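Student: Attaching a predicted model along with its sequence, questions to come.
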Amino acid sequence: VGEIIYEFINFVDSGLLDDKISTCLYTAIMTDTGSFRYSNVSSKTFEVASNLTSHRIKPHLIADNIYNRNTYAGLKLLGKALLTLEVDGSNHFSWLTITRKMLTETKAKDEEIEGIIDIATTLNNVEISILFRETENNKIKVSFRSKGNFNVNEFAGKFKGGGHPNAAGCLCSGKLDEIKEKILSELFKEIKSCEE
């Protein structure tokens, strides 16, 4: 999205690109590309990011503010979430759970959940990670991440969700354990059919 907005602004009036707008666009590009690690990165992405740096932005400070700022409550929540970490027998899939009780016990806010799923994706051999979390309105928010060999956007679509090929999600109604069982069962079934 940051690249698209950049192109639009350049088309309308490149003089509009000041340090504030450039910082926002660079932030969007950096987060949408997982710090330039996802498969959606192209030479154009680097070209746009490079052009934005000419507007006195500070990429190191942007990255620091996004990725290196944790609260005590957020780290406590991460610890509890990691205690729920599971992997399948092949170690290709991992999943974690965050309950409302965990949020209450740690005094963490919903926004402090951001990034926890990405830690599960760093496990050796893991290709797909899933985060199941209870929302305030008794729904289950499910986040999916893929390292590129499995389109989680298409998979999330089976549950009326969506996103990108490597990052997607859905919102489900029901009990946490039932939703986990349903989604994991469907994932294992789909993976098995792809292998045949």
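Tutor: Great, that's in hand.
Student: Now do the contacts for F155.
Tutor: Neighbouring residues of F155 by Cβ atoms under 8 Å, 6 or more residues apart in numbering: 144, 168, 186-187, 190. In this view, the C-beta of every residue, glycine as well, is placed from N, C-alpha and C.
Student: Please type out the ChimeraX selection for whichever of those turn out to be buried.
Tutor: Here is the ChimeraX command that selects the buried residues among the contacts of F155 (16 or more other Cβ atoms under 10 Å):
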select :144,168,187
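Student: For I5, state which of the contacts of F155 is nearest.
Tutor: Using Cβ to Cβ, A168 is the member of the contacts of F155 that lies nearest I5, at 21.7 Å.
Student: tell me what whichever helix or strand L131 is part of is packed against?
Tutor: Using DSSP states H and E, L131 sits within strand 128-134. On a contact count with 3 or more Cβ pairs under 8 Å, 6 or more residues apart in numbering; DSSP states H and E, strand 128-134 meets strand 93-98, helix 116-120, strand 139-146, helix 176-195.
Student: Out of the ones you listed, flag the one nearest S22.
Tutor: Comparing these by Cβ to Cβ, helix 116-120 comes nearest, at 25.5 Å.
Student: export the closest one as CSV, just CAs?
Tutor: Provided in CSV are the C-alpha atoms of helix 116-120 (Å, rounded to 0.1, in the frame of the first residue of the first chain):
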residue,chain,number,x,y,z
ILE,A,116,3.9,-12.6,18.6
ILE,A,117,2.9,-14.9,15.7
ASP,A,118,6.1,-13.9,13.9
ILE,A,119,8.2,-15.3,16.7
ALA,A,120,6.6,-18.7,16.1
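Student: Average pLDDT for that helix, rounded please.
Tutor: The average pLDDT for helix 116-120 rounds to 93.
Student: can you check stretch 169-188 too?
Tutor: 96.
Student: ok, and for it, which residues are buried?
Tutor: Neighbour count says stretch 169-188 has 169-170, 172, 176, 179-180, 183-184, 187 buried, by 16+ other Cβ under 10 Å.
Student: Also stretch 62-82?
Tutor: Residues 62, 74, 76-78, 80-81 are the ones in stretch 62-82 that count as buried (16+ other Cβ under 10 Å).
Student: what angle separates the strand holding L131 from strand 139-146?
Tutor: Strand 128-134 and strand 139-146 are oriented at 170 degrees to each other (axes from the mean of the first three to the mean of the last three Cα atoms, to 10 degrees).
Student: what's N153 in contact with, if anything?
Tutor: 162-165, 168.
Student: Find the residue closest to it in space, skipping its chain neighbours.
Tutor: In space, not counting the residues next to it along the chain, N153 is nearest to A168; the distance is 4.5 Å by Cβ to Cβ, 6 or more residues apart in numbering.
Student: If you count contacts, what does whatever helix or strand T45 lives in end up packed against?
Tutor: Element membership of T45, judged by DSSP H and E, is helix 43-53. On a contact count with 3+ Cβ pairs under 8 Å, 6+ apart, helix 43-53 meets helix 2-13, helix 19-32.
Student: Alright, I will stop here.
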